[in-house]
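**Q** okay, sequence plus prediction incoming.
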Amino acid sequence: MYRETYLGRRLLWVMGGLSLAMMVVLLQILHVQVFMARAEDRAARVQSKTVVPMGTIVDRAGYPLAYDVPLYELTVDGSVINSEHRLADVREWLEGLGFPANEVNAVMAAVSRGQRATLKPLNGEQAAAARERIAQAASQGRQACVRLDVGWRRHHPHGYVAAHVLGFRNLNVPPATQGGVHQVYQQFLETGRGLQPEYAHEAEIPGGATPFFPSPFRRDIVLTLNLGVQYRVEQALDRAVERYDARGGAVVVMDPRDGAIIALASRPTFDPNRFYEYGSETWKDRAVENHYEPGSVMKALTFAAAYDTGLLQEDTQIEDTGALAYEGRVIYNSQRRGFGLVTPAEALAHSLNVATARVALQMGPAIFYRYMEAFGIGRKTEVDLANETAGILHEPNSPEWSPFYLATNAFGQGVSIPPIQLIRAMAVLANGGYLVHPHVLHGYYLNDTYYELDWPRGRQVIRPETARTVTRWLEGVIDVIKVFGQVDGIRVAGKTGTAQVPIPGGYSEDEQNTFFVGYYPAEAPQVIILVFLERPRLGPSVHGGGHAEVWASNTAYPTFVRIAESINPLLGIRPSSARSEQGHVLARQGE
């Protein structure tokens, strides 16, 4: 009861906050752009600085995420002022514009010596007055004693929200943009060039034309992000990092059918408006730029490969002894006990390392690594976010590889990949067996026309039947861990991963990273969510004080549940409608 009340109140608070923020932003941009439009006919009289203005970035509904606002500087040139009377006139004019007395005094001291002095920044009214004075002098055939320079400042109206997706503009060091879509799409945002994909088509402007989109520069981009979902994901990740005392983390929410990223958050984070106050490590997107061992989430891919080849059937019996000696080393189950003969579904539900390693060894390296390559493991996804890493997957043709890697890679040890790569691989199970291209670009506006993109589907990785079967097995995983929470009224398929942190010479006994990747509704998946917590030190509180041991099932998975229940209303996913879909997504594909 408490939980439902809390969520209800939080929902109202978030929606109210978003509505207020949207209103403030709308009024601010309306003022800026209306002023700019009125000033266009005077642009020839204004000298522009070298900073090239960038187009606006909005979310899928047209809400602003980043845009340029003008920065004005007023230079007073003493060399063209030839009398005391003119000096007094200039002083009076500056004071009338509302500049502080100490600034006016400093300017006039320099001007009286025939020098130049600058006042900055100016507001819109002061800039308009300066333009008027310049125009008046020109109409009288005189040289104006003032010059107006205009530059541009990038503004992120929601502060840290979507910071790692957006990146920022940094004029102090090359390149001029860093991280996120600002770096990837810098050329288009500044020049309108470099973005004319073959799979774009003309479409209606999202939400209709607004005061902030399209921008006056007519080179804007629309992202796949849902601002409301993004906001709630960030709040949930902040709460999880604090609750479980994690070093950081990441969450990715994606449509498994086409790879559209609905939300992406990374912690620690920063405010792009004040990026210079943070270190470069904080700028890094942990979902894209860093790689980690994924732990037992990889078991879902191993069993999918084995079933797809015909090695496994649903009733296949796998011997699980709790320990497996191989290549001079021993693999253990996390429970430190054996489960006897188990089916693939039972091996996944109880996350058995030994059973998984046996399956991989039976497959052999040629088949196992062929499937891992098909799933995209160890390969960049080519997501349109900056600085993506490929991760590390040692394969039989690499000098670092040994047969022991085959056994451990099967359950997510000895392989290190970025979260964006992991969610793409798991999306194959959710969408009927094909690879998608994760992306954040939904459309773009250029030369008075709006275009939307149809991102092409990737190759078929596994059979649709395999995807259906493994999804059913992964529903069983939720049945085991639902003691830590479940999404009300909706069947979820997913897999946990608790991965020890590699250290020189082995693995840490005290630190681990936790993952959960889940998708739903299981019968017709519309959304897939990855939750990653970096080195959490606290499990959930237990009765009588203290905290439980840290596992993915009691840290990353409950965070997934909280996120899913929070964002489902915004995505139109409800318990009643979730079940009303006519069969699995594979049925809609004619399978």
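**A** Good, I have the coordinates.

**Q** any weak-confidence spans in the chain?
**A** The chain contains residues with pLDDT under 70 at 1-50, 172-175, 543-544, 576-591.

**Q** how close does the most centrally placed residue in it get to I462?
**A** Nearest residue to the geometric centre of the chain (Cα atoms, centre = their mean): L264, 2.6 Å. L264 sits at a distance of 26 Å from I462 (criterion: Cβ to Cβ, to the nearest Å). C-beta: built from backbone N, CA, C; applies to glycine.

**Q** same check on Q183?
**A** 34 Å.

**Q** neighbour count winner among these two?
**A** With neighbours defined as other Cβ atoms under 10 Å, Q183 and I462 compare such that I462 has more, 24 against 20.

**Q** next, the more buried one: secondary structure please.
**A** The three-state assignment at I462 reads coil, by DSSP: H, G, I helix; E, B strand; the rest coil.

**Q** just the helices in the stretch 451-591 of the chain please.
**A** For the stretch 451-591 of the chain, applying DSSP state H, counting those that start in this stretch gives helices covering 464-481, 556-571, 575-580, 585-588.

**Q** same question, the stretch 101-250 of the chain
**A** Going by DSSP H, counting those that start in this stretch, the stretch 101-250 of the chain shows helices at 101-111, 124-139, 163-166, 180-184, 186-191, 227-243.

**Q** okay but P268 is in contact with A250, surely?
**A** No - the criterion here is Cβ atoms under 8 Å, and P268 misses it with A250 at 10.8 Å.

**Q** who has more neighbours out of those two?
**A** In this view P268 and A250 are compared by other Cβ under 10 Å, and A250 has more residues nearby, 25 against 17.

**Q** beta partners of that one?
**A** On the basis of DSSP bridges, A250 is bridged to S266, F532.

**Q** and it, how far is that from S266?
**A** For A250, the distance to S266 equals 5 Å [Cβ to Cβ].

**Q** isn't E314 up against P344?
**A** Yes - assessed by Cβ under 8 Å, E314 is found in contact with P344 at 6.9 Å.

**Q** tell me, how many residues neighbour the residue nearest to S79 when sequence neighbours are not counted?
**A** Excluding the flanking residues, the one nearest S79 by Cβ to Cβ, 6 or more residues apart in numbering is G114, at 5.1 Å. A count of nearby residues for G114, using other Cβ under 10 Å, gives 12.

**Q** where does G114 fall, phi/psi-wise?
**A** Dihedral pair for G114: phi 80, psi 20, per degrees, to the nearest 10.

**Q** quickly find the element holding the closest residue to V470 other than its chain neighbours.
**A** With sequence-adjacent residues excluded and distances taken as Cβ to Cβ, 6+ apart, V470 is closest to A304, at 4.6 Å. If you go by DSSP states H and E, A304 is part of helix 298-309.

**Q** follow-up on the earlier one: any chance of TSV for the helices of the stretch 101-250 of the chain, columns distance to I318?
**A** Below are those laid out as TSV (distance: least, Cβ to Cβ, whole Å):
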stretch	distance to I318
helix 101-111	78
helix 124-139	71
helix 163-166	40
helix 180-184	44
helix 186-191	51
helix 227-243	34
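
**Q** now, of those helices, which is deepest in the fold?
**A** helix 163-166 (a mean of 26; mean count of other Cβ atoms under 10 Å).

**Q** other SSEs contacting that one?
**A** Counting contacts by 3 or more Cβ pairs under 8 Å, 6 or more residues apart in numbering; DSSP states H and E, helix 163-166 packs against helix 180-184, strand 261-267.

**Q** so what touches the first one?
**A** For helix 180-184, contacts defined as Cβ atoms under 8 Å, 6 or more residues apart in numbering pick out 54, 57, 66, 154, 163-169, 175, 177, 189, 221, 223, 285, 384-387, 440-441.

**Q** before we move on, the earlier item: output the contacting helices and strands for the helix holding A304.
**A** helix 344-349, helix 353-363, helix 365-374, helix 419-430, helix 464-481, strand 493-503.

**Q** distance check, Y67 against A61.
**A** Taking Cβ to Cβ as the criterion, Y67 is separated from A61 by 16 Å.

**Q** who's more crowded, these two?
**A** Taking other Cβ under 10 Å, Y67 and A61 do not tie; Y67 has more neighbours (26 against 12).

**Q** which residues does that one bridge with?
**A** Beta-bridge pairing of Y67 under DSSP bridges involves H155.
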